[in-house]
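> Predicted model and sequence below, questions to follow.
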Protein chains: 2
Amino acid sequence: MCRGDDVNCPEFEKHYRSFREDLSAERRGFLKGGLFAAGGLAAVGGSGGLSLVTPALAQATAARTPGQPAYHYLPANAETVHWGYFSKSLPPRVEIESGDIVTIETLTHHAGDDLERMVQGDEGAESVYLWTKDTKGVDRRGAGPTDPAVYKKGSGEGQGVHIMTGPVYVKGAEPGDILEVRILDVKPRPSANPDFAGKAFGSNAAANWGFQYNDLLGGQKREVVTIYEVDVTGAKSWAEAVYNFKWVPQTDPFGVTHTTIDYPGVPVDHSKTSRNFDVLKGVRLPIRPHFGTLGLAPAEADFVDTIPPSYTGGNIDNWRIGKGAVMYYPVSVEGALLSVGDPHASQGDSELCGTAIECSLTGTFQLVLHKKADLAGTPLEELDYPMLETQTEWLVHGFSYPNYLADLGPDAQSVIYSKSSVDLALRDAFRKMRHFLMTTKDLTEDEAISLMSIGVDFGITQVVDGNWGVHAIVKKEVFAARVS
Amino acid sequence: MCRGDDVNCPEFEKHYRSFREDLSAERRGFLKGGLFAAGGLAAVGGSGGLSLVTPALAQATAARTPGQPAYHYLPANAETVHWGYFSKSLPPRVEIESGDIVTIETLTHHAGDDLERMVQGDEGAESVYLWTKDTKGVDRRGAGPTDPAVYKKGSGEGQGVHIMTGPVYVKGAEPGDILEVRILDVKPRPSANPDFAGKAFGSNAAANWGFQYNDLLGGQKREVVTIYEVDVTGAKSWAEAVYNFKWVPQTDPFGVTHTTIDYPGVPVDHSKTSRNFDVLKGVRLPIRPHFGTLGLAPAEADFVDTIPPSYTGGNIDNWRIGKGAVMYYPVSVEGALLSVGDPHASQGDSELCGTAIECSLTGTFQLVLHKKADLAGTPLEELDYPMLETQTEWLVHGFSYPNYLADLGPDAQSVIYSKSSVDLALRDAFRKMRHFLMTTKDLTEDEAISLMSIGVDFGITQVVDGNWGVHAIVKKEVFAARVS
């Protein structure tokens, strides 16, 4: 059925209206949650000088796009996704005005681990995962070579793994601007297989790129995939394991054998695995639905591996990037070119074993463009890193290399995998938090440093994405009484 | 006035009774908080298999020390503190039975930064900080040499800096046992100077051992001390800065000049500093009163620097080690020899600049000894690291070197300062959390690793204590439905 996104549907008007009404209800709930001040484009965070968007900036931004926000729907299918890379040269899948709202479906790149639960019957997912001996729904999977004479793993070589929906083109966006991304809603994608009605599923792979891989007891090396069930009714706030299996060599439809998890979307043949359903009995993992990879196309290269995060965001893998959160990104190319993927039902700080609960989700976003000309004197003026705002906190994201594409030279995309450390990421997080406190709160360096030691918590975001991450969290209440 | 701790006081009985009544009120509040199950020695954590102390172990432990817990009070003064080191050869300051309750005063080693606010009029603190050209209240400050022919900074050389109250000798404790330390209460120590009645104060030093020191803007090197005010009435849940000053060379009463902060307790002469009272205006730091250094004497050496944390605890610097928390330590020497110091009004994860809000506190603890013979088959059986339990979470503490005294050979106490990294501490935290999940919850390694990637948060405890720390947090609710 058309969800208000198919203008050729005979009942398009009705469906669109119905969807808008649903959305309005959701937005009202969100508004009540206190994140939004009144007015569609007003600054988040309410009063008290607690938003990064000053009243003057909010006004300037609103003046540039008068009128009501439009609504867009971007489904996930073989036509709307790009797999494993960001690219400034991709044609937009949807073009929007600043302030518009867009619902974006995202698909996990781990659905091949259980096609029955995560793909079967799902038209969009089936079109993306389609892979026979003659054809692939999406051929390129990664930023690597696509020449069959070169690749050994598959087209794109899996140098970048995430299924990204987009890009969304924001009209008027130019390098130097800031794109504010408000996450209005996040919902799990129900299984389309009637055998699993009312449920959603995700996969957790303890993979070769995980922190544990070379440190297993007894010196063994193995990859283990655990399938989790996620409730879609909202009645349960936790996920539970269904079964796990040890990865065994899998031969893809093109005849390439994958002895490890080295290429995304390989359909797992469970006649070759041994499934263990006696797993994590009674263990309930609190869900934290969020987007592991959300960001803008960088200017530095044509095809950019989705795995390492960078200054335009991407694979930050912070579980706080969920419903009610707001991200701020520096725009690097015309149109901003936002893409979303790597949906997670839950993840811990560090994403230790290499993945989260990788589970398809649908998000609703409002994108607000702040033009460079309006930024002078505001906290967003010098922002050259991706910044997260929740209702109660601000977070900066430090990486081993803040802009690895520029920092590491022409071989950056391969070199990054051997050069990361948590120590480097902490260094970057420290510098960014210092910058944030000095620019947004007008603190001296000494004030910022004292505050950081007492009132800022540094956590390990991830140690599995090439460019490792440390985040720094400061609570907004720290500044509730400050006038500046 | 005697607080029920001076048997020679003519009104001792009355004071002791009054104190016990106050304490009972506190304990009742704590009990209501749900941490304790019924019975003084019953396992914490309530039902549901969520405590590390199994019912059988609780019973065995209780059977060893029948009768009511006794109460003890250990004030802080020159006779009851040791400065800068743990030592297995220290005579006990109080001897207790398992299950007894002891209130322990602790003094910050940064009170010299503002003697007027943090020492003046306080008999205990004055006796500890006493330092004239002829005498020192506490001469040795650190695990270093005390021979005047050798030292340049002062006796003990400041190789270890914390003022530690204790040790507390737990009767019957032997290596192989586990000491459970329940923190029943934590209170700031009010300033004894009538000019500052009703207030407490702490010092935050952005010091030469901080993460920022070699990374200040403009390449400068400086140490800056900020004095904070902490409310003692409980009406305010935050601390506020009073003033800051840049460290300038200070000559101690013995004539040694300290160009940097290199020796603890140097009385700062504010006629030489320039105090800036226009600092962090309107910034409110949420308070998190806790003990930075709490632990047992290790067997490995006679004098052990208090700065690097290790398997017997010590300077873990986790702000969650506050009221309502429970610590478990492996006993390394006869009597366990617990000492407490390094009190903090607040700290962020990382303790970035080298210190917290260093503020004298008084804690009330219940110490419960679990004998090795009773541990078989319980989650505490193999515990060889310090473990933290709060009402809702379990935490393991990873260090760059889990037992650096044994790991790094005879020069461990100096070598450790150049060998730490967050990456190493994360490695240790991963291994400890794996061990914890496998032994306490009977998970397989694969189950533990999947759970860790999804349901465990890894944070940076501190990067300033020689042996750097990463903690891993798992919520108890994850196991609420598990039967094992």
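Nice, thanks for sending it over. Numbering: from 1, shown residues only, chains lettered A, B, ... in the order given.

> and the spatially closest residue to A:Met387 that is not a sequence neighbour, how many neighbours?
Spatial nearest neighbour of A:Met387, chain neighbours left out: A:Tyr328 (4.4 Å); criterion: C-beta to C-beta, 6 or more residues apart in numbering or on different chains. To be clear about C-beta, it is placed using only N, CA and C from the backbone, and glycine gets the same treatment. Look at A:Tyr328: counted by other C-beta atoms under 10 Å in any protein chain shown, it has 22 neighbours.

> which ones are touching the closest residue to A:Gly176 other than its chain neighbours?
Leaving aside its sequence neighbours, A:Gly176 sits nearest to A:Lys372 (C-beta to C-beta, 6+ apart; 3.9 Å). Neighbouring residues of A:Lys372 by C-beta atoms under 8 Å, 6 or more residues apart in numbering or on different chains: A:174, A:176-178.

> and which of those residues is nearest B:His82?
For these, the residue nearest B:His82 by C-beta to C-beta is A:Ile178; the value is 54.7 Å.

> What's the separation between the closest one and chain B?
Separation of A:Ile178 from chain B (C-beta to the nearest C-beta, to the nearest Å): 23 Å.

> give the contact list for that residue.
The neighbours of A:Ile178, taking C-beta under 8 Å, 6+ apart as the test, are A:328-331, A:369-370, A:372, A:375, A:380, A:383.

> now do A:Ile307
When contacts are counted by C-beta under 8 Å, 6+ apart, A:Ile307 is found next to A:159-162, A:315, A:465-466.

> now with 6 Å?
A:Ile307 makes contact with A:160, A:315, A:465-466 under the criterion C-beta atoms under 6 Å, 6 or more residues apart in numbering or on different chains.

> ditto for A:His82
Per C-beta under 6 Å, 6+ apart, neighbours of A:His82: A:90, A:164.

> ok, how many other residues are close to A:Phe277?
If you count neighbours by other C-beta under 10 Å, A:Phe277 ends up with 11.

> how much space between it and chain B?
Look at A:Phe277 and chain B: by C-beta to the nearest C-beta, they are 13 Å apart.

> Surely that residue is in contact with A:Tyr243?
Yes: taking contacts as C-beta atoms under 6 Å, A:Phe277 lies within contact range of A:Tyr243: 4.5 Å.

> Now tell me what touches stretch A:120-132 from outside.
By C-beta under 6 Å, 6+ apart, the surrounding residues in contact with stretch A:120-132 are A:75-78, A:81, A:107, A:119, A:137-138, A:192-193, A:253.

> which one of the residues you listed has the most neighbours?
A:Leu107 (31 neighbours).

> So that residue versus A:Leu361, what's the distance?
9 Å (C-beta to C-beta, to the nearest Å).

> what's the answer for A:Val304, then?
Relative to A:Leu361, and taking C-beta to C-beta, A:Val304 is found at 23 Å.

> For the two, indicate the residue with more neighbours.
Using other C-beta under 10 Å as the criterion, A:Val304 and A:Leu361 rank with A:Leu361 on top: 28 against 25.

> residues near the nearest residue to that one once chain neighbours are set aside, how many?
Spatial nearest neighbour of A:Leu361, chain neighbours left out: A:Pro343 (3.6 Å); criterion: C-beta to C-beta, 6+ apart. Using other C-beta under 10 Å, A:Pro343 has 32 other residues around it.

> Mind telling me what element A:Pro343 is part of?
strand A:338-346 (DSSP states H and E).

> and that strand, what other elements does it pack with?
Judged by 3 or more C-beta pairs under 6 Å, 6 or more residues apart in numbering or on different chains; DSSP states H and E, strand A:338-346 is in contact with strand A:101-106, strand A:163-170, strand A:290-296.

> Chain A: helices as residue ranges?
All helices of chain A, identified by DSSP state H, fall at A:12-32, A:55-64, A:115-118, A:123-129, A:372-375, A:404-407, A:412-415, A:422-440, A:445-455.

> dump the residue contacts of A:Asp384.
Neighbour list for A:Asp384: A:311, A:330 [criterion: C-beta under 6 Å, 6+ apart].

> Please disregard the earlier target; I meant A:Val304.
Applying C-beta under 6 Å, 6+ apart, the residues near A:Val304 are A:85-86, A:143, A:298.

> which one of those has the most neighbours?
Neighbour max across those (other C-beta under 10 Å) = A:Phe86, 33 neighbours.

> Surely it and A:Gly295 touch.
No: the criterion here is C-beta under 6 Å, and A:Phe86 misses it with A:Gly295 at 7.1 Å.

> Identify the residue spatially nearest to the one residue sitting closest to the centre of chain A, adjacent ones excluded.
Central residue of chain A (C-alpha atoms, centre = their mean): A:Thr293, 2.4 Å from the mean position. Leaving aside its chain neighbours, A:Thr293 sits nearest to A:Asp342 (3.6 Å; criterion: C-beta to C-beta, 6+ apart).

> measure the one you found to A:Ala356 for me?
To A:Ala356, A:Asp342 is 8 Å away according to C-beta to C-beta.

> hmm, back to that, what lines up beside the strand holding A:Pro343 in the sheet?
Next to strand A:338-346 in the sheet, as set by DSSP bridges, lie strand A:163-170 (antiparallel), strand A:290-296 (antiparallel), strand A:357-358 (antiparallel).

> Tell me what angle that strand forms with helix B:445-455.
130 degrees (axes from the mean of the first three to the mean of the last three C-alpha atoms, to 10 degrees).

> Can you name the residues that contact A:Asp100?
A:69-70.

> Oh, that last question was meant for A:Val266, not what I typed.
Contacts here follow C-beta under 6 Å, 6+ apart; on that basis A:Val266 touches A:112, A:250, A:252, A:258.

> same thing but at 10 Å, please
Neighbour list for A:Val266: A:112-113, A:131, A:141, A:153-154, A:158, A:247, A:250-253, A:256-258 [criterion: C-beta atoms under 10 Å, 6 or more residues apart in numbering or on different chains].

> What about the closest residue to A:Gly202 other than its chain neighbours, how many residues nearby?
Excluding its sequence neighbours, the residue lying closest to A:Gly202 (C-beta to C-beta, 6+ apart) is A:Cys359, at 2.9 Å. Number of residues near A:Cys359 (other C-beta under 10 Å) recorded here: 28.

> right, and A:Cys359 touches A:Thr108 too?
Yes: using C-beta atoms under 10 Å, A:Cys359 is in contact with A:Thr108, at 5.7 Å.

> what is in contact with these two at once?
Common neighbours of A:Cys359 and A:Thr108, counting by C-beta under 10 Å, 6+ apart, are A:118, A:189, A:201-203, A:343-345.

> Turn those into CSV, including pLDDT.
Formatted as CSV, the shared contacts of A:Cys359 and A:Thr108 follow (pLDDT from 0 to 100):
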residue, pLDDT
A:Met118, 98
A:Arg189, 98
A:Phe201, 98
A:Gly202, 98
A:Ser203, 98
A:Pro343, 98
A:His344, 98
A:Ala345, 98
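
> ok, of those residues, which come out buried?
For the shared contacts of A:Cys359 and A:Thr108, a burial check counting by 16 or more other C-beta atoms under 10 Å in any protein chain shown picks out A:118, A:189, A:201-203, A:343-345.

> where does the stretch 251-400 of chain A have low pLDDT?
Within the stretch 251-400 of chain A, no stretch has pLDDT under 70.

> Much appreciated, bye for now.
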